[in-house]
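*Asks:* Please find the sequence and the predicted model below.
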Amino acid sequence: MNKRKFIISLLYINLLILFLGTFINVNNSYFTYMSKGRVILLLTCFVLFIYYKKLDSSPEYELAQVKTEKKDKELKQTNKPHVNFKDVAGLDEVKEELVEVIDFIKSPEKYKKMGAKIPKGILFYGPPGTGKTLLAQALAGETNSTFFPASGSEFVEKYVGVGAKRVRTLFEKAKKNSPSVIFIDEVDAIGAKRTTESNNEKDQTLNQLLIEMDGFHSDQNVVVIGATNRLDLLDEALLRPGRFDRHMHIGNPDLKARQEIFGVHIRNKPVDKSVDIKKLAQKTHGMSGAHLSNIANEAAILAVRNNKKNIGIEEFDAAIEKVIGGVEKKNPHIVEKEKKKVSYHEAGHALMGKILELDLISKISIVPRGEALGYVMYTPEEDRYLLTYNELKNKIKVLLGGRSAEQLIYGEVSTGAKDDLKKANALAYQMVCEYGMSNLQNRVFEPNFIKNCYPLIDNEIKLIIDECYKDSVSLLTGNLNLLQTVADHLYEQETLTGEELDTLLIKNNLILNKGGL
Ligand SMILES: Nc1ncnc2c1ncn2[C@@H]1O[C@H](COP(=O)(O)OP(=O)(O)OP(=O)(O)O)[C@@H](O)[C@H]1O
Ligand SMILES: [Zn+2]
């Protein structure tokens, strides 16, 4: 009821009471014998009633009504993203993992009956522009949830308690509008590791976030998604079970994913038939989804500028060059000619792993990840607590496989093996100083004693590393064809799963030469 209506109603009721009073209070000097007064009162009541009714349909009133309804609807609409999984290209593994969360949000009763708890906190981590925000929006879109975006930096304020209050309000709103998805970008701005030097405001904000995450129950149907470029910066407390306990890596797209991302971004653009999306994807190795969307947009702008009906390959090429210019300054990883070298390097690691039957390979990739230009991911067959002398040496050989491949193919080595060498040397050091696995035999060297006999220890480390490197080069030499095939496929596809690697070997009748092992 609005103000005007309220006043009229009051007036109306008062007049009615007055009118009835004329019958009860016979001594009333005004009305007892004044039937005219009664008529006037009745008439006023009637007029007021008509006015009241008219108010309901007055344009002014209707407008006010429409305005509030629109505001409510707008709020709901902006909070309900019209994005779903088909707008997110690539990232198949992550989407697969999220399917379960979607089901949780859609039919919580099913899980409640089984006593299963809805996952509360999911953490997306990975380089900028890879679709973390987009994916969170799509999760809300898929489940018709209300979306509450926030950024960690918004919560960090000068005044103690302000950030904490904002966190509280955000969660309150989300609970009221459930099912809902809270998305906190740059979560490291509030959730960074606490230092001894206290920062009252930041600590309070983080504490409030922890309290809120502990506080809501699975039946409240609120999912919190945090995003960060730096998982290593986050406070342990935030990663504990019941908080952000599901971590999903959102990496840069590989060739196939880049093709798909281009597909999404040219969906509504008039693109010339001669444009080959695969070729565009090949030219944009190492770029993020945001870069690709930027390229599609730049190309469209250029087409307008060139008075073209359709976007042609010239526009795409110019747009790629423009974006690469910006990227290369920030990201030294993206140099096309290095892609080949990285392919040999990673193929070297993978082949050594296969030859020596170390852990199972789950993925080989030349898509840069963090500091690394490429990587091989292993799934350990079982937890191992005891490793033999030969097994440790095999581990070192696999670590040196990348450098050996480079030496073999290019006749010289590059800086790409920095991390491998560090790990290989650390293992060799442990073999000599901790495990008694060198010519120094069953001796163990305590850290404060090492300085005294360092040349001796260093010599033993060198013997192990040199022998492993020699073996690794000779094993790869015996499998040169294989190295070539794997590297070529890796260069083409950018990622190979463990199964794809196996199929490749079988299909090409390639037999591992284990060099008498
Ligand atoms: N996988 C993808 N599929 C389709 N478009 C994508 C994809 N990844 C990124 N994009 C495009 O890039 C834009 C930026 O992505 P988004 O903001 O989600 O990245 P982000 O990972 O959240 O980045 P930041 O870490 O910088 O916050 C998106 O709006 C979208 O246009
Ligand atoms: Zn390596």
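*Replies:* Received the coordinates, thanks. Numbers count the residues shown, from 1 in each chain. Ligands and ions are numbered 1, 2, ... in the order given.

*Asks:* Not counting sequence-adjacent ones, nearest residue to the closest residue to ligand 2 within the chain?
*Replies:* Closest contact between the chain and ligand 2, by Cβ to the ion, is at Gly402 (3.3 Å). Quick note: C-beta positions are derived from backbone N, CA and C, even for glycine. What sits nearest to Gly402 in space, not counting adjacent residues and going by Cβ to Cβ, 6 or more residues apart in numbering, is His345, at 4.0 Å.

*Asks:* Before we go further, that neighbour is sitting in a helix, right?
*Replies:* Yes - secondary structure assignment places His345 in a helix (DSSP: H, G, I helix; E, B strand; the rest coil).

*Asks:* immediately after the least confident helix or strand in the chain by mean pLDDT, which helix or strand?
*Replies:* The helix or strand of the chain with the poorest confidence is helix 59-79; it has a mean of 50 (mean pLDDT, DSSP states H and E). Using DSSP states H and E, the helix or strand that directly follows helix 59-79 along the chain is helix 92-106.

*Asks:* Check whether that next one comes into contact with ligand 1.
*Replies:* No - using Cβ under 6 Å from any ligand atom, we find that helix 92-106 stays clear of ligand 1, coming within 9.4 Å at best.

*Asks:* any idea of the pLDDT on the residue nearest to Gly402?
*Replies:* We note a pLDDT of 97 for His345 in this prediction.

*Asks:* quick one: contacts for it?
*Replies:* 373-374, 402-403, 405-406, 414, 416-417 (Cβ atoms under 8 Å, 6 or more residues apart in numbering).

*Asks:* Report how many residues lie close to whichever residue of the stretch 351-500 of the chain sits closest to ligand 1.
*Replies:* In the stretch 351-500 of the chain, the residue that lies nearest ligand 1 is Val367 (13.1 Å; Cβ to the nearest ligand atom). The number of residues packed near Val367 is 21, by other Cβ atoms under 10 Å.

*Asks:* residues contacting the residue nearest in space to the middle of the chain?
*Replies:* Centroid-nearest residue in the chain, with Cα atoms, centre = their mean: Phe124, separated by 3.0 Å. Shown in contact with Phe124 (Cβ under 8 Å, 6+ apart): 94, 132, 135-136, 225-228, 248, 250.

*Asks:* Kindly recompute the last result at 7 Å.
*Replies:* Residues near Phe124 by Cβ atoms under 7 Å, 6 or more residues apart in numbering: 132, 135, 225, 227, 248, 250.

*Asks:* Need the max-distance pair from the residues you listed.
*Replies:* Ile225 and Ile250 (11.1 Å; Cβ to Cβ).

*Asks:* Next, the residue nearest to the centre of the chain: phi, psi?
*Replies:* Main-chain dihedrals, Phe124, degrees, to the nearest 10: phi -100, psi 120.

*Asks:* Get me the contact residues on the stretch 251-400 of the chain for ligand 1.
*Replies:* Residues of the stretch 251-400 of the chain lying near ligand 1 by Cβ under 6 Å from any ligand atom: 261, 264, 289-290, 293.

*Asks:* mind listing the strands for this structure?
*Replies:* Counting by DSSP state E, the chain has strands at residues 121-125, 146-151, 180-185, 222-228, 244-249, 360-365, 375-379, 495-497.

*Asks:* ok, of those strands, where does mean pLDDT dip lowest?
*Replies:* Among the strands of the chain, strand 375-379 scores lowest, at a mean of 83.

*Asks:* Show me what that strand packs onto, helices and strands only.
*Replies:* Packing partners of strand 375-379 (3 or more Cβ pairs under 7 Å, 6 or more residues apart in numbering; DSSP states H and E): helix 336-355, strand 360-365.

*Asks:* ok, and for it, which residues are buried?
*Replies:* Neighbour-count burial for strand 375-379, counted by 16 or more other Cβ atoms under 10 Å, picks out 375-378.

*Asks:* Quick one, grab the pLDDT at Met287.
*Replies:* What the model reports as pLDDT for Met287 is 87.

*Asks:* What is the burial count for it?
*Replies:* Per other Cβ under 10 Å, the neighbour tally for Met287 reads 23.

*Asks:* do the same with Gly325
*Replies:* Gly325: 9 neighbours (other Cβ under 10 Å).

*Asks:* pLDDT of stretch 461-474, averaged?
*Replies:* Stretch 461-474 shows an average pLDDT of 96 in the prediction.

*Asks:* How about residues contacting it?
*Replies:* 352, 393, 396-397, 400-401, 404, 407-408, 424-425, 428-429, 431-432, 438, 515.

*Asks:* same deal with stretch 307-324?
*Replies:* By Cβ under 7 Å, 6+ apart, stretch 307-324 touches 269-272, 274-275, 280, 283-284, 291, 294-295, 298-300, 302-303, 306.

*Asks:* repeat for stretch 354-371
*Replies:* Defining contact as Cβ under 7 Å, 6+ apart, one finds that stretch 354-371 is touched by 251-252, 254, 286, 333, 339, 342-343, 346, 350, 353, 374-381, 394-395, 397-398, 475, 479, 490, 494-498, 501, 512, 514.

*Asks:* got it, and stretch 437-445?
*Replies:* Under Cβ under 7 Å, 6+ apart, the answer for stretch 437-445 is 389, 392, 431-434, 436, 456-457, 460, 464.

*Asks:* Now the buried members of the residues you listed.
*Replies:* Among these, those classed as buried by 16+ other Cβ under 10 Å are 392, 431-433, 457, 460, 464.

*Asks:* Among those, which pair sits farthest apart?
*Replies:* Farthest-apart pair in the buried ones among the contacts of stretch 437-445 is Leu392 and Ile457; separation 16.3 Å (Cβ to Cβ).

*Asks:* For ligand 1, give me its nearest residue in the stretch 1-150 of the chain.
*Replies:* In the stretch 1-150 of the chain, the residue that lies nearest ligand 1 is Gly131 (2.8 Å; Cβ to the nearest ligand atom).

*Asks:* What is the neighbour count of that residue?
*Replies:* When neighbours are counted by other Cβ under 10 Å, Gly131 registers 25.

*Asks:* isn't it right next to Leu292, touching?
*Replies:* No - the pair Gly131 / Leu292 is not scored as a contact, 10.3 Å apart, by Cβ atoms under 7 Å.

*Asks:* Spit out the residues that contact these two alike.
*Replies:* Common neighbours of Gly131 and Leu292 (Cβ under 7 Å, 6+ apart) do not exist.

*Asks:* if we can go back for a sec, may I ask which of the contacts of Phe124 has the most neighbours?
*Replies:* Ile225 (28 neighbours).

*Asks:* Show me the helices in the stretch 151-300 of the chain, by range?
*Replies:* Secondary structure of the stretch 151-300 of the chain by DSSP state H, counting those that start in this stretch: the helices cover 152-155, 162-176, 188-191, 200-215, 236-239, 255-265, 277-282, 289-305.

*Asks:* how about those helices in CSV, adding mean neighbour count?
*Replies:* Below are the helices of the stretch 151-300 of the chain laid out as CSV (neighbours: other Cβ atoms under 10 Å):
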stretch, mean neighbour count
helix 152-155, 19
helix 162-176, 18
helix 188-191, 24
helix 200-215, 19
helix 236-239, 16
helix 255-265, 21
helix 277-282, 17
helix 289-305, 20
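
*Asks:* if we compare these, which one ends up closest to Leu11?
*Replies:* Closest among those, using Cβ to Cβ: helix 162-176, at 36.8 Å.

*Asks:* Contact partners for Lys106?
*Replies:* By Cβ under 7 Å, 6+ apart, the contact set of Lys106 is Thr143.

*Asks:* that older thread, identify, out of the helices and strands packed on strand 375-379, the most deeply packed stretch.
*Replies:* For the helices and strands packed on strand 375-379, the largest average neighbour count (mean count of other Cβ atoms under 10 Å) is found in helix 336-355, namely a mean of 24.
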